[in-house]
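Peer 1: Sharing a model that was predicted from the sequence below.
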Amino acid sequence: MTAVTCELCPRGCVIPEGAAGDCRIRVNLGGRLRATTYGRPSAVHIDPMEKKPLYHFLPGAPVFSIATAGCNLHCLNCQNWQLSQRGGEEMEEIYRLDPPELVRAAREEGCRSIAYTYSDPIVFYEYVYDTAELAHAQRLANCFITAAYINREPLRKLCGVIDAVNADLKAFDDGFYRRVNGATLKPVLDALVTMREEGVWLEVTNLLIPTLNDDPAMIRRLARWVHDELGPGTPLHFSRFQPLYRMRNLPPTPVETLDLARREAKDVGMEHVYVGNVLGHEGNSTYCPRDGTLLIGRVGFMITHYALTPDGRCPSCNERIPGVWRSAELFGEQP
Amino acid sequence: MTREPDRSSRQPERRRVLALLGGLGTLGLLLPWLRTSAPARPVQREISLHEADFYRPHDLAG
Ligand code: SF4
């Protein structure tokens, strides 16, 4: 009987023969670890880029979005628990889409980018990697929406084929990670720094849950860390919690809390701070950090106003706004 | 003492009829599935399991 140790994420599961890792979908069969959901997504949708949320990356682009079952976190407030907290064999729907079929499907649907999302795509790593490599060869961008609980070596390799990441930074508190997510904080911070070092476009989301991670001092520490380690131009999204899954006892985040978080982050020097899951909030939109000009107006996932110059500058003061605004910035101009 | 009538000579014939009925039943179940099976629908055919990256044999001694 050969047990194996999975080295993909900081859990480091030791998996006896015939058993699965903590994420449910990496299974030891005869001493070999199998990625059981490779080529078998259970969610396939076309979303706007704003839904990821990625606000400074190809605005308004439709994204071919996929996920398989399984996750290496177990958040009590998971939005996609029917997908993430199940193994592949428990899914009602499993599609057959090998990497070439997936890339072809994305192109046929008119999408110039693919998002690996919904559950945590870390656990279907090999499927992401092979698809992303093929997608790049066909000038499609790759977006990775994750909680960033991944080891450095696999992450570095992955960064070679990923163009944009939205990473959840769930709280600036290790105890919160242990209690609410079944994870730890340090590996997440390390992963975010690695992504920045590798030159992947990075946006950070912090979901504010009343009484658990909405302490203004903690928010300030989080924002300061993002400012110092990832840079003041990193878009930071404060997102509204909704009572879900095993955390229905708490109310939705008051808008005032989100406003306060936004002020705290701006106070420490963050330039692009957003409010998510509140329709029509002014914090849905992008403003020039130098002169305050409205650059991209958004209502929900819809773009209602677009004033950036083609090279991503404020039309009034010429300030360069960090981001990837056109796919030519990734792949060069079309021949 | 009574004896059971000997039915052994009729057994092969009965088996053939049952096999035929069974075959038709399976075909009846399969046909609707064959008609609806397409790449965009839930997977029905078995495919091989991809080997994962980033793992090693667990060293029990270590
Ligand atoms: S990816 Fe899955 S199997 Fe591997 S260490 Fe993480 S939870 Fe365990």
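Peer 2: Nice, I can see it.
Peer 1: Just give the closest residue to the residue of chain A found nearest the ligand, not the sequence neighbours.
Peer 2: Here chain A gets closest to the ligand at one residue, A:Gly21, 2.1 Å apart by Cβ to the nearest ligand atom. C-beta coordinates here come from the backbone N, C-alpha and C atoms, glycine included. Among residues not flanking A:Gly21 along the chain, A:Cys13 sits closest, at 3.8 Å (Cβ to Cβ, 6 or more residues apart in numbering or on different chains).
Peer 1: A:Val161 now?
Peer 2: Nearest one to A:Val161, counting by Cβ to Cβ, 6+ apart, is A:Ala132 at 3.9 Å.
Peer 1: which bits of chain A sit near chain B?
Peer 2: By Cβ under 8 Å from any Cβ of the partner chain, the residues of chain A that approach chain B are A:2-8, A:14-15, A:26-27, A:29, A:31-36, A:38-40, A:92-97, A:101, A:125-127, A:129, A:151, A:153-154.
Peer 1: and the residues you listed, which of them are in strands?
Peer 2: If you go by DSSP state E, the residues of chain A next to chain B have A:4-6, A:14-15, A:26-27, A:29, A:32-35 in strands.
Peer 1: Just put these in CSV and tack on pLDDT.
Peer 2: Converted to CSV, those look like this (pLDDT from 0 to 100):
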residue, pLDDT
A:Val4, 97
A:Thr5, 98
A:Cys6, 98
A:Val14, 97
A:Ile15, 97
A:Arg26, 95
A:Val27, 95
A:Leu29, 95
A:Arg32, 96
A:Leu33, 97
A:Arg34, 96
A:Ala35, 96
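Peer 1: Taking the residues you listed, tell me the two that lie furthest apart.
Peer 2: A:Val14 and A:Ala35 (17.4 Å; Cβ to Cβ).
Peer 1: related to what we said a few turns ago, quick one, which of the residues of chain A next to chain B are buried?
Peer 2: A:3-8, A:15, A:26-27, A:33-36, A:38-40, A:94-97, A:125-127, A:129, A:151, A:154 (16 or more other Cβ atoms under 10 Å in any protein chain shown).
Peer 1: contacts with the ligand among those residues, please.
Peer 2: Of the residues in these, proximity to the ligand by Cβ under 6 Å from any ligand atom holds for A:6, A:8, A:26.
Peer 1: quick one: which of those is nearest to A:Ala115?
Peer 2: Once Cβ to Cβ is applied, the member of those that ends up nearest A:Ala115 is A:Leu8, at 19.9 Å.
Peer 1: Return the residues in contact with the closest one.
Peer 2: Neighbouring residues of A:Leu8 by Cβ atoms under 8 Å, 6 or more residues apart in numbering or on different chains: A:26, A:72, A:122-123, A:125, A:150-151, A:154, B:52-55.
Peer 1: Mind doing that once more with 10 Å?
Peer 2: Residues in contact with A:Leu8, defined by Cβ atoms under 10 Å, 6 or more residues apart in numbering or on different chains, are A:21, A:23, A:26, A:33, A:35, A:72, A:122-123, A:125-126, A:149-151, A:153-155, B:52-55.
Peer 1: Narrow the residues you listed to those in helices?
Peer 2: Using DSSP state H, the subset of those located in helices is A:125-126, A:153-155.
Peer 1: start to end distance for stretch A:63-77?
Peer 2: One end of stretch A:63-77 to the other measures 25 Å (Cα to Cα, to the nearest Å).
Peer 1: Could you see whether the ligand lies near that stretch?
Peer 2: Yes. Applying Cβ under 6 Å from any ligand atom, one finds stretch A:63-77 in contact with the ligand at A:Asn72.
Peer 1: What's the mean pLDDT across that stretch?
Peer 2: Per-region confidence: stretch A:63-77 scores 96 on mean pLDDT.
Peer 1: Please give the element, helix or strand, for the residue most central in space within chain A.
Peer 2: Nearest residue to the geometric centre of chain A (Cα atoms, centre = their mean): A:Ile145, 2.3 Å. Following DSSP states H and E, one finds A:Ile145 within strand A:141-146.
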